[in-house]
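> No sequence on hand, only this structure:
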């Protein structure tokens, strides 16, 4: 961790990430609580989180190739500017008389900038760090910080809404993007585009097609990405119904933030532990952790006290660390000139299934109970992980890692 943080440009990327992601989580839980208080519907509350992921599907696939054809630093700066303006506008109109569709529409447009930023940031990291071990460690650190931001943001979001208002939470989110912008200007050096820039939609669509072919033609990348996609629904189940669970149990809203934060805090701890392992050891942990992730969620069905459930969800979150090598090696196993396209497609698929997961879990919670909906998703996760054990290309992945270590990125 010290080695990657010694790289000045990566430090800037990290600080930018911390600033913007913490604000995002505060804003999302605040908006979800606002919707839940107005409608009383777990489905609508879960839809608030789902809306934040829909643009990652729509924008990630199409805008991912942009990160290969334009300056990645400039794209990140433009994304921060757009998000800051739209979130501040959302804060101004977030009053009880505003229709829900207006709030959802503004959030949807603001989140369209997120996949552009994320693709550019992920594609920049190997250029900044330069070696397999540093990139693997950097990916783990990025995951840890992302999860820590979520944990802190979810708790703070619940507290801010309880003691102030959702509008203040949204304003803090807008300010966080301005901080991110300033940090990137100071720390990140301009670099030319990996490919010749072009404004042509047709060429971007061709890049998208080539990226899809590149992703699916390689057994290693395909296995990693399909595992991540397949586990998306059980991954989001606790967060989707955490607020509804405490509401059904008659607990304070702030407990909902604590429950959701327990998952991501566990995931942060797991990411730290996995990130300390060698690249080959990380790969060996992918499938066991994917299987382990669903087991604690099964206990949710007996509706234990909220503090016990928080501990169980923490353990489940820790097992989410399988995503650290999944994300890192998907990036490293892709040539630099196509990283934006491949990362964009991988992120878009995960975002689509994540958004679908929020809606499906919210619907099941509405027609049955929040606890039962989590159990259903846990069973699905066990099925997916078991199927991956049968077809996992372990030998091929190890060979690819050896090639990276011998020949570099």
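Cool, got the structure. These numbers were taken from a predicted model, which means no experiment stands behind them. Residues are numbered from 1 along each chain as shown.

> List the buried residues in stretch 216-235.
218, 220-221, 223-235 (16 or more other C-beta atoms under 10 Å). Yep, even glycine has a C-beta here, placed from its N, CA and C like the rest.

> Can you name the two of those that sit furthest apart?
218 and 234 (25.8 Å; C-beta to C-beta).

> so what's the nearest residue to residue 20 once chain neighbours are set aside up against?
Using C-beta to C-beta, 6 or more residues apart in numbering and skipping the chain neighbours, the partner closest in space to residue 20 is residue 180 (4.3 Å). Taking C-beta atoms under 8 Å, 6 or more residues apart in numbering, we find residue 180 in contact with 16, 17, 19, 20, 80.

> The last one - how many residues pack around it?
Okay, so that is residue 80. Applying other C-beta atoms under 10 Å, we find 25 other residues in the vicinity of residue 80.

> Check residue 102 too.
When counting by other C-beta under 10 Å, one arrives at 12 neighbours for residue 102.

> Buried residues, stretch 172-179. List them.
172, 173, 174, 176, 177, 178, 179.

> Which helix or which strand is home to the residue nearest to residue 20?
Per DSSP states H and E, residue 180 falls inside helix 166-187.

> quick check: mean pLDDT across that helix?
Model confidence over helix 166-187, given as mean pLDDT, is 87.

> Could you do stretch 105-113 as well?
Per-residue scores along stretch 105-113 average to 82.

> Would you mark the buried spots in it?
Buried residues in stretch 105-113, counted by 16+ other C-beta under 10 Å: 106, 107, 108, 110, 111, 112, 113.

> Residue 116 touches residue 80, doesn't it?
No: using C-beta atoms under 8 Å, residue 116 is not in contact with residue 80; the gap is 10.3 Å.

> Ranking helices and strands of the protein by mean pLDDT, which lands last?
Of all helical and strand segments in the chain, the minimum by mean pLDDT, DSSP states H and E falls on helix 42-63, at a mean of 67.

> What separation do you get for residue 46 and residue 256?
Residue 46 sits at a distance of 12 Å from residue 256 (criterion: C-beta to C-beta, to the nearest Å).

> Need the residues touching each of these two.
Between them, residue 46 and residue 256 share these contacting residues under C-beta under 8 Å, 6+ apart: residue 244.

> who has more neighbours, those two?
Between residue 46 and residue 256, counted using other C-beta under 10 Å, the more crowded position is residue 46 (34 against 29).

> okay, the contacts of residue 180 in TSV with pLDDT, secondary structure and distance to residue 214 next?
Output for the contacts of residue 180, formatted as TSV (pLDDT from 0 to 100; DSSP: H, G, I helix; E, B strand; the rest coil; distance: C-beta to C-beta, whole Å):
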residue	pLDDT	secondary structure	distance to residue 214
16	89	helix	28
17	84	helix	26
19	82	helix	33
20	78	helix	29
80	90	helix	29
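
> three-state assignment of the residue in the chain sticking out farthest from the centre?
The outermost residue of the chain relative to its centre, with distances by C-alpha atoms, centre = their mean, is residue 97 at 31.4 Å. Here residue 97 is recorded as coil under DSSP: H, G, I helix; E, B strand; the rest coil.

> cool, and residue 77?
Following three-state DSSP, residue 77 is assigned to helix.

> Pull the number of nearby residues for it.
Neighbour count of residue 77, defined by other C-beta under 10 Å: 20.

> Wait, it touches residue 178, no?
No: counting by C-beta under 8 Å, residue 77 sits too far from residue 178 to count as a contact (11.1 Å).

> ok, residue 334 touching residue 345?
No: with contact defined as C-beta under 8 Å, residue 334 does not reach residue 345; the gap is 10.4 Å.

> where do the contact lists of those two overlap?
Residues touching both residue 334 and residue 345 (C-beta under 8 Å, 6+ apart): residue 215.

> Where does the prediction get shaky in the stretch 301-409 of the chain?
408-409 (pLDDT under 70).

> Show me where it has its helices.
Remark: helices assigned in the stretch 301-409 of the chain by DSSP state H, counting those that start in this stretch are 306-319, 323-332, 339-367, 370-391, 394-407.

> In CSV, list these along with mean neighbour count and distance to residue 248.
Converted to CSV, those look like this (neighbours: other C-beta atoms under 10 Å; distance: least, C-beta to C-beta, whole Å):
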stretch, mean neighbour count, distance to residue 248
helix 306-319, 21, 11
helix 323-332, 25, 29
helix 339-367, 24, 9
helix 370-391, 18, 6
helix 394-407, 14, 43
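
> who wins for proximity to residue 243 among the ones you listed?
helix 370-391 (8.8 Å).

> Packing partners of that closest one?
Using 3 or more C-beta pairs under 8 Å, 6 or more residues apart in numbering; DSSP states H and E as the contact test, the elements touching helix 370-391 are helix 219-230, helix 232-249, helix 279-294, helix 339-367.

> Let's have the ones you listed in TSV, adding distance to residue 7.
TSV is the format used below for the helices and strands packed on helix 370-391 (distance: least, C-beta to C-beta, whole Å):
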stretch	distance to residue 7
helix 219-230	25
helix 232-249	30
helix 279-294	18
helix 339-367	18
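
> If anything else comes up later, I'll come back, but that's it for now.
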